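Colleague: Here is a sequence together with a model predicted from it:
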Amino acid sequence: MEKFADKTEYYYTDKGDKKIKLIFRERINFSGFIFPEIPENVDFTFNSAVFENETDFSYAKFEGKAKFRGSVFKHDVKFRNAEFKDEADFSRVTFEGEANFTDAVFRQDANFEESVLNRM
């Protein structure tokens, strides 16, 4: 996903682990994209990502865990008809625009703990 990001920064977790933070400045269209299950030894997530423009995940399929913890969506984001086959972590996410989850399917737990939704 780094090739889609306009910028990458690094941050440290509470445990001191160095992680990549993806920053997407342009409008992003992941509509219909299939996100495969990511092996445990591969460090890829959308955790702490910043989406500075409209973002579309409509009809996307997340085969493995969907990790968006601490991300910021500064404009509208669509997850219409998206399918989450494993756990979906949207904890501590800030949705500054409209968050559209119409007809999204969560087959496992979905965590929105401490998230801020301004419009849904």
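Modeller: Alright, I've got the coordinates. Residues are numbered from 1 along each chain as shown.

Colleague: contacting residues for the most centrally placed residue in the chain?
Modeller: A centroid search over the chain (C-alpha atoms, centre = their mean) returns residue 68, at 3.8 Å, as the residue closest to the centre. Shown here is residue 68, whose contacts under the criterion C-beta atoms under 8 Å, 6 or more residues apart in numbering are 45, 46, 47, 49, 88, 89, 90, 93. The way it works is simple: take the backbone N, C-alpha and C, and place the C-beta from them, glycine included.

Colleague: Tell me which two in the residues you listed are the farthest apart.
Modeller: With distances taken as C-beta to C-beta, the most widely separated pair in those is 49 and 88, at 14.5 Å.

Colleague: where's residue 108 relative to residue 83, distance?
Modeller: 11 Å (C-beta to C-beta, to the nearest Å).

Colleague: quick one: contacts for residue 112?
Modeller: For residue 112, the contact set (C-beta under 8 Å, 6+ apart) comprises 90, 91, 93.

Colleague: 10 Å instead?
Modeller: Residues in contact with residue 112 (C-beta atoms under 10 Å, 6 or more residues apart in numbering) are 68, 88, 89, 90, 91, 92, 93, 95, 99, 101.

Colleague: do residue 113 as well
Modeller: By C-beta under 10 Å, 6+ apart, the contact list for residue 113 reads 69, 89, 90, 91, 92, 93.

Colleague: Pipe the contacts of residue 112 into TSV and attach secondary structure, distance to residue 25 and pLDDT per row.
Modeller: TSV is the format used below for these (DSSP: H, G, I helix; E, B strand; the rest coil; distance: C-beta to C-beta, whole Å; pLDDT from 0 to 100):
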residue	secondary structure	distance to residue 25	pLDDT
68	coil	18	96
88	strand	25	96
89	strand	24	96
90	coil	22	97
91	coil	24	97
92	coil	22	96
93	coil	18	98
95	strand	18	97
99	strand	20	97
101	coil	24	97
